[in-house]
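K.L.:
quick one: sequence plus predicted model below, questions after.
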Amino acid sequence: MLQLSTRALEIDPTNNAVAYDYNAAPNFHLHRLPEAERSALRAAEIDKSNADPRVHFLLAQIYEAKGDRESEAAQLREYLKYASDPNDLAMVRRYLSELEKPTK
């Protein structure tokens, strides 16, 4: 996936939110967090209509791995604004409520 998305971005680096999203996910799984964050942010920037809110969930995962709870929560809130699957919404709401509890 990383090779294919990298090639797609070489061909058209300006307008392809899906290619940036597909580039971010394998970078995240390879623990290449700066690359994953950069690609996911670019995907979100291109997808102004939030047609694919999963990029916000991916960004939340990236921020969780970086230990940035505030940004993680912000991205989960963005995901909740645009996602439509009731099961996903319920799961993310529960997780967000746990994340927002004060730490001891």
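P.N.:
Everything's here; your move. Numbering: from 1, shown residues only.

K.L.:
quick one: classify Asn15 as helix, strand or coil.
P.N.:
Of the three states, Asn15 takes coil under DSSP: H, G, I helix; E, B strand; the rest coil.

K.L.:
surely it touches Ile46?
P.N.:
Yes. In this structure, Asn15 is within contact of Ile46 by CB atoms under 8 Å, at 6.5 Å. C-beta: built from backbone N, CA, C; applies to glycine.

K.L.:
for these two, work out which one has more neighbours and name it.
P.N.:
Ile46 (17 against 8; other CB atoms under 10 Å).

K.L.:
pLDDT score for that one?
P.N.:
On pLDDT, Ile46 comes in at 93.

K.L.:
I'd like the numbering to begin with 47 instead of 1 from here.
P.N.:
Right, with 47 as the first residue, what we last looked at is Ile92.

K.L.:
please enumerate the helices of the chain.
P.N.:
Taking DSSP state H as the test, the helices found in the chain are 48-57, 63-75, 79-92, 100-112, 115-128, 132-145.

K.L.:
could I get the buried residue list for the fifth one?
P.N.:
Think helix 115-128. Under the neighbour-count criterion of 16 or more other CB atoms under 10 Å, helix 115-128 has 117-119, 121-122, 124-126 buried.

K.L.:
nearest to Ala86 among the residues you listed?
P.N.:
Taking CB to CB as the measure, Ala86 sits nearest to Gln121 out of those, at 9.0 Å.

K.L.:
flag the shaky bits of this structure, pLDDT-wise.
P.N.:
By pLDDT under 70, the low-scoring segments of the chain are 51-52, 54-56, 150.

K.L.:
how about 90 then?
P.N.:
47-68, 98, 147-150 (pLDDT under 90).

K.L.:
and the end-to-end length of stretch 73-84?
P.N.:
End-to-end span of stretch 73-84 (CA to CA, to the nearest Å): 10 Å.

K.L.:
which residues sit against it?
P.N.:
With CB atoms under 8 Å, 6 or more residues apart in numbering as the test, stretch 73-84 has contacts from 48, 69-71, 85-86, 104-105, 107-108, 111-112.
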